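**Student:** got a structure for you, letters missing:
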């Protein structure tokens, strides 16, 4: 069984436009879970509503599709199609019901030892375990396009230096928060990235909004999640450290640990 903990804070803002969900699954002896985080875009209309609607409709659509047969579905291609369909469904509902609203979305379906990840926007999913820490998703942003041009140079740096440089490029870019892909707002979601991961004992997944990643680089996040304590303490620390670093955004962190 997987252990899950999540925290979300408005931070220094009055309104929390982040949302998250965790849904545990069981059907005829097979187990799984769905988790997602979303960050409503504050410069658009009612970002808090957009993120809640996206999370709810995405999760409901995945559950509906996974439970369509006598057992939970375990086909890689079909699960990838289900995730893309769920994002498109969430997009259509946000467009219809939250006029002018938009939100990021990072979600994962975990079935036994496999995790299927989907993302839109700049909310992220990381894989960690056995001394490793990797960002699996790619930000859909103008700043990330700049970062990708630096990838070869970053590869030569050690983890700490690379993490500092990566965060600096993304945060200090003149269009740091220009998101190129959202659920809602733009009309069509493109691309919808899907990734498959194999999870081993001791591995974990972190889903986080940019209230965390704007102020804490990958190396710092890795240090926090490897400190002593269970998943609840980890997410508490991530929110607290982000606040201490002066995060000006809402802050959401969700941990799944095998």
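**Tutor:** Right, received. Where do you want to start? Just so it is clear, the structure is predicted and the values come from calculations on it, not from any experiment.

**Student:** and residue 203, what does it touch?
**Tutor:** By Cβ atoms under 8 Å, 6 or more residues apart in numbering, the residues touching residue 203 are 127-130, 257-258. (C-beta placed from N, C-alpha, C; glycine too.)

**Student:** and if you look at residue 54?
**Tutor:** 19, 38, 90-91, 93-94, 103, 105, 183-184.

**Student:** where does the protein have low pLDDT?
**Tutor:** 43-45, 70-71 (pLDDT under 70).

**Student:** List buried residues within the contacts of residue 203.
**Tutor:** Neighbour counting with 16 or more other Cβ atoms under 10 Å marks 127-129, 257-258 as buried within these.

**Student:** quick one: residue 222 is in a helix?
**Tutor:** Yes: according to DSSP: H, G, I helix; E, B strand; the rest coil, residue 222 belongs to a helix.

**Student:** so the nearest residue to it once chain neighbours are set aside, which of the three states?
**Tutor:** Take residue 222 and drop its neighbours on the chain: the residue closest to it by Cβ to Cβ, 6 or more residues apart in numbering is residue 133, 4.0 Å away. Secondary structure, three-state DSSP: residue 133 is strand.

**Student:** Got a quick ChimeraX command for the buried subset of the contacts of residue 54?
**Tutor:** Buried residues within those, by 16+ other Cβ under 10 Å, are selected in ChimeraX with:
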select :19,38,90,91,93,94,103,105,183,184
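
**Student:** can you tell me which two in the contacts of residue 54 are farthest apart?
**Tutor:** Using Cβ to Cβ, the pair of the contacts of residue 54 lying farthest apart is 19 and 91, separated by 15.4 Å.

**Student:** Next one: the residue nearest to residue 173 when sequence neighbours are not counted from residue 150, what distance?
**Tutor:** Counting by Cβ to Cβ, 6+ apart, residue 173 lies nearest to residue 143, which is 3.7 Å off, once chain neighbours are set aside. Residue 143 sits 11 Å away from residue 150, going by Cβ to Cβ, to the nearest Å.

**Student:** joint contacts of the two?
**Tutor:** With Cβ under 8 Å, 6+ apart, residue 143 and residue 150 have common neighbours residue 169.

**Student:** what about those two, which has more around it?
**Tutor:** residue 143 (21 against 13; other Cβ atoms under 10 Å).

**Student:** Could you grab the helix/strand/coil label for the more buried one?
**Tutor:** Classified using three-state DSSP, residue 143 is helix.

**Student:** residues in contact with it?
**Tutor:** 169-171, 173, 175-176, 178.

**Student:** Could you dump the residues you listed into JSON lines with distance to residue 245 and secondary structure added?
**Tutor:** Output for the contacts of residue 143, formatted as JSON lines (distance: Cβ to Cβ, whole Å; DSSP: H, G, I helix; E, B strand; the rest coil):
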{"residue": "169", "distance to residue 245": "18", "secondary structure": "helix"}
{"residue": "170", "distance to residue 245": "15", "secondary structure": "helix"}
{"residue": "171", "distance to residue 245": "11", "secondary structure": "helix"}
{"residue": "173", "distance to residue 245": "19", "secondary structure": "coil"}
{"residue": "175", "distance to residue 245": "22", "secondary structure": "coil"}
{"residue": "176", "distance to residue 245": "16", "secondary structure": "coil"}
{"residue": "178", "distance to residue 245": "22", "secondary structure": "coil"}
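
**Student:** Of those, which is the nearest to residue 213?
**Tutor:** residue 170 (8.0 Å).

**Student:** Can you tell me the closest non-neighbouring residue to that closest one?
**Tutor:** That would be residue 143: by Cβ to Cβ, 6+ apart, it lies 4.6 Å from residue 170.

**Student:** How about residue 135?
**Tutor:** residue 126 (5.3 Å).

**Student:** Check which helices and strands the helix or strand hosting the one you found sits against.
**Tutor:** Per DSSP states H and E, residue 126 falls inside strand 124-129. With contacts taken as 3 or more Cβ pairs under 8 Å, 6 or more residues apart in numbering; DSSP states H and E, strand 124-129 sits against strand 105-111, strand 132-135, strand 204-208, helix 218-225.

**Student:** Alright, that wraps it up for me.
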